[in-house]
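Peer 1: Have a look; sequence and predicted model below, questions after that.
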Amino acid sequence: MPPNPQLNANGELQHLLSIEGLPREILIRILDTAESFVGVTEREVKKVPLLRGKSVFNLFFESSTRTRTTFEIAAKRLSADVINLNIAASSQSKGESLLDTVANLSAMQADMFVVRHASSGAPFLIARHVKPHEHVINAGDGRHAHPTQGLLDLYTIRHYKKDFRELTVAVVGDVLHSRVARSLIHGLTTLGVPEVRAIGPQTLMPAGVEALGVRVYHDVREGLRDADVVVMLRLQNERMSGALLPSAQEFFMTYGLTAERLALAKPAAIVMHPGPMNRGVEIDSSVADGPHSVILPQVTFGIAVRMAVMSMVAGH
Amino acid sequence: MPPNPQLNANGELQHLLSIEGLPREILIRILDTAESFVGVTEREVKKVPLLRGKSVFNLFFESSTRTRTTFEIAAKRLSADVINLNIAASSQSKGESLLDTVANLSAMQADMFVVRHASSGAPFLIARHVKPHEHVINAGDGRHAHPTQGLLDLYTIRHYKKDFRELTVAVVGDVLHSRVARSLIHGLTTLGVPEVRAIGPQTLMPAGVEALGVRVYHDVREGLRDADVVVMLRLQNERMSGALLPSAQEFFMTYGLTAERLALAKPAAIVMHPGPMNRGVEIDSSVADGPHSVILPQVTFGIAVRMAVMSMVAGH
Amino acid sequence: MPPNPQLNANGELQHLLSIEGLPREILIRILDTAESFVGVTEREVKKVPLLRGKSVFNLFFESSTRTRTTFEIAAKRLSADVINLNIAASSQSKGESLLDTVANLSAMQADMFVVRHASSGAPFLIARHVKPHEHVINAGDGRHAHPTQGLLDLYTIRHYKKDFRELTVAVVGDVLHSRVARSLIHGLTTLGVPEVRAIGPQTLMPAGVEALGVRVYHDVREGLRDADVVVMLRLQNERMSGALLPSAQEFFMTYGLTAERLALAKPAAIVMHPGPMNRGVEIDSSVADGPHSVILPQVTFGIAVRMAVMSMVAGH
């Protein structure tokens, strides 16, 4: 078996590439570390000097203002110097290869690369080529993984539900195209969640998803019954006009989370969404803004989780 | 009467949304505070730690490199962490609402939002929805207001003329579309300027402008006579080819500030312009670069005024 | 003779505009200062406080993510506040002149302008109009100069070859359109390199290049013979489909650096390239990644050289 590309020789977190393959104890250490940073972000001076003098490159080969912003904030609160690179519009168009671009930035004495790329696996490729003191964090690669989003989902679930080992978690919507869903499902099974459900139309369900330990439902009411956690996935705009889905309205009719449907879940169920929400498509506004929603706390915890990952790979 | 949305329960500045409705003593306190920052920006190390560890978001729903730059510099000189968000190109295109975008950034533990928006009132809407410890600064909303520009104009006038209560101020050009003019006129009347004149063609004069305490002139020579302060407004390029104006050349012929026309004002008159200037349209180059021009000092004072507003809303 | 626009009255570096005209002792002082910064960039905390509280404006009238990034990193490692301005997309489109744009930024209390412009001479024009305490660094102007690239090339050569006075340096490719080549050639002759060769087709050779002290070769094998340093120039994509060149493939056939051709140079020859490389056009991958290549160290030294220039103009 090849060594885990995310861990160094001492078994410590070297890169964060995917939740798949992360040992349970590392997952838990990330969540514990994030907990200590939640306090920092609530202080008057929301800064700690852990990454002072370090250069963090936000390498976005696919633009995403929201995700880039969360990493930029996390890095600045750790006192790092942050360089934002929107590569879509730059050297790549000059015909330079991905690895030459990274080798060049690495020669500028980078410490960390936060990588978003439309191709699955790009952050793994980069991680294989950087120097030993450099770290790669996957900020979303193709349909493959979005591990910090998965981690903040796990953090949020633990925050509200404490113990993973008695939970029923329902993931609803376009599981097929969702790197968020993939990352989360791996985390949930690693942390011992006994029942993970994927709810959606057959056309949006990946082949063989059951092999991940997931139970598939096509009827949203059945799938939501007695759930402790409901995770609504974002429906990409580009899918809505495609062949896989009749229309946004019809999706909402069939799978959208309404108060009435949510009532089938446990009374203390929490509702999550990775954002940005399509109100009236995946979720009714009354639910999005209602008492079960923890969608905004997810965002807050997301900063702390990213600070945790950045500081852990940097060796703190 | 509803409470003033710009003040907190103690009557202190909570948001800066418009000069209209700001109490005179708050206006003066901003100018006094700005005065103390003019010194800072002239020092070797142009930084004070007042906003250290605070996160300032430049939320530009309408792009404006110049205005964004002034706020970015002001925030960095106060030691804040600044995050630039060009929202035109981002989540909004993913169909997320203005308030969802702001709620998300707020969940990232924002301290301050500097908002530029093409729709009048957008910063007010945001201010109504942020948390008590968060602050909103209007960096220009539609045709409505541009209060920091108005404040820097007031600062500049006070710097050169000392006492507002004996001044004649002439505002020349496209008053109709100018949020700069609106903000300035409110400030001038609040601070007791006895004579404010608006000079321009009828087509560029807002209906009922006299109700603001302004005297309207269509003849530039009459309007400039014995003025202490001449404020030239920028003519938007898009107006020049429109129905409201015959041509840029004709505008210059009729209203452009030449040395000969400026000679009608008081000998010690100052000439202002919010920039960027259209030389040869609103103003002759000899005047723009001449001894009466205080156009570049306006820019310098603008940084100090923005530092003052940011530090005051943050409670310093 | 007019005073050197790059030096102040005490003969110290005030602006960096071109290597042409820089006294030998200043060139050497820059290289020596850069050497001290190479150590800084290898430390855990890669920051020195030399430019703390200074405002550095990256004024890019022509976009170049790579060059902008190197200056941004250099300035941040000197603890400056960095403001990135992509002017192509901003005020210029509002019809403001180059000098008005700069005058405005200067009024915001700028300390340093890093200027990239498609027009040769633009940084010189700006340098003539800024205030005495402000500094201009040319980050590439038209076909004219790219002095920090030239300096990092010189630094790299000195690092590996120690003594300039016994070297044969071969510059290969599109010398005609290369500001990199111009800057480097001036530096090499100033530092006493006895033999500088320019290798390329007649169509890509500037008229009268011999007057710079350069020997022209059209046969790459002849030109490379016994060279100590081989500098490959980037072939601009836009040239490849033009009248000056048959095709990229043919260029590689005639002038591309292969291992077999490189074997004609001295056994300890180093191979340089300003990046981004077109593998298989200017250079074979086996050479780019081979033992003679110092292309990535060039990038590393480039940060140190930019830190040196910035700190020297600022008076440290």
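Peer 2: Structure's in. What do you need? Numbering: from 1, shown residues only, chains lettered A, B, ... in the order given.
Peer 1: what about residue A:108, how many neighbours?
Peer 2: 22 (other C-beta atoms under 10 Å in any protein chain shown). All C-beta atoms are positioned from the backbone trio N, CA, C, and that covers glycine.
Peer 1: same deal with residue A:28?
Peer 2: Counted with other C-beta under 10 Å, residue A:28 comes out at 15.
Peer 1: Residue A:206 now?
Peer 2: Neighbour tally, residue A:206, other C-beta under 10 Å: 18.
Peer 1: For it, give its distance to residue A:179.
Peer 2: 11 Å (C-beta to C-beta, to the nearest Å).
Peer 1: which residue sits closest to residue A:5 in space, ignoring its chain neighbours?
Peer 2: residue A:127 (5.8 Å; C-beta to C-beta, 6 or more residues apart in numbering or on different chains).
Peer 1: Touching, that neighbour and residue A:13? I think so.
Peer 2: No. Counting by C-beta atoms under 8 Å, residue A:127 sits too far from residue A:13 to count as a contact (11.9 Å).
Peer 1: shared neighbours of these two, which are they?
Peer 2: residue A:6 (C-beta atoms under 8 Å, 6 or more residues apart in numbering or on different chains).
Peer 1: Show me which residues of chain A sit near chain C.
Peer 2: A:52-55, A:81, A:83, A:85-87, A:89-91, A:94-97, A:100-101, A:103-109 (C-beta under 8 Å from any C-beta of the partner chain).
Peer 1: Now the closest residue to chain C within the stretch 151-300 of chain A. Its backbone dihedrals?
Peer 2: In the stretch 151-300 of chain A, the residue that lies nearest chain C is residue A:276 (25.0 Å; C-beta to the nearest C-beta). Residue A:276 has phi and psi values of phi -70, psi 140 when expressed as degrees, to the nearest 10.
Peer 1: That one contacts residue A:65, doesn't it?
Peer 2: No. Residue A:276 lies out of contact with residue A:65 (C-beta under 8 Å); the separation is 10.2 Å.
Peer 1: Comparing those two, which shows the higher neighbour count?
Peer 2: Each of residue A:276 and residue A:65 had its neighbours counted (other C-beta under 10 Å), and the higher figure belongs to residue A:65 (22 against 18).
Peer 1: in the stretch 151-300 of chain A, which spans are strands?
Peer 2: Using DSSP state E, counting those that start in this stretch, the strands found in the stretch 151-300 of chain A span residues A:168-172, A:195-199, A:214-217, A:229-232, A:270-272.
Peer 1: For chain B, what's its nearest residue on the stretch 51-200 of chain A.
Peer 2: For the stretch 51-200 of chain A, C-beta to the nearest C-beta, closest residue to chain B: residue A:65, 3.5 Å.
Peer 1: re earlier: any idea which helix or strand carries the residue nearest to residue A:5?
Peer 2: According to DSSP states H and E, residue A:127 maps onto helix A:122-129.
Peer 1: send the alpha carbons of that helix over as CSV?
Peer 2: What follows is helix A:122-129, C-alpha atoms only, in CSV (Å, rounded to 0.1, in the frame of the first residue of the first chain):
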residue,chain,number,x,y,z
ALA,A,122,-5.4,18.4,-9.4
PRO,A,123,-4.5,19.1,-5.8
PHE,A,124,-3.1,15.5,-5.4
LEU,A,125,-0.9,16.1,-8.5
ILE,A,126,0.4,19.3,-6.9
ALA,A,127,0.9,17.7,-3.6
ARG,A,128,3.1,15.1,-5.2
HIS,A,129,5.4,17.8,-6.6
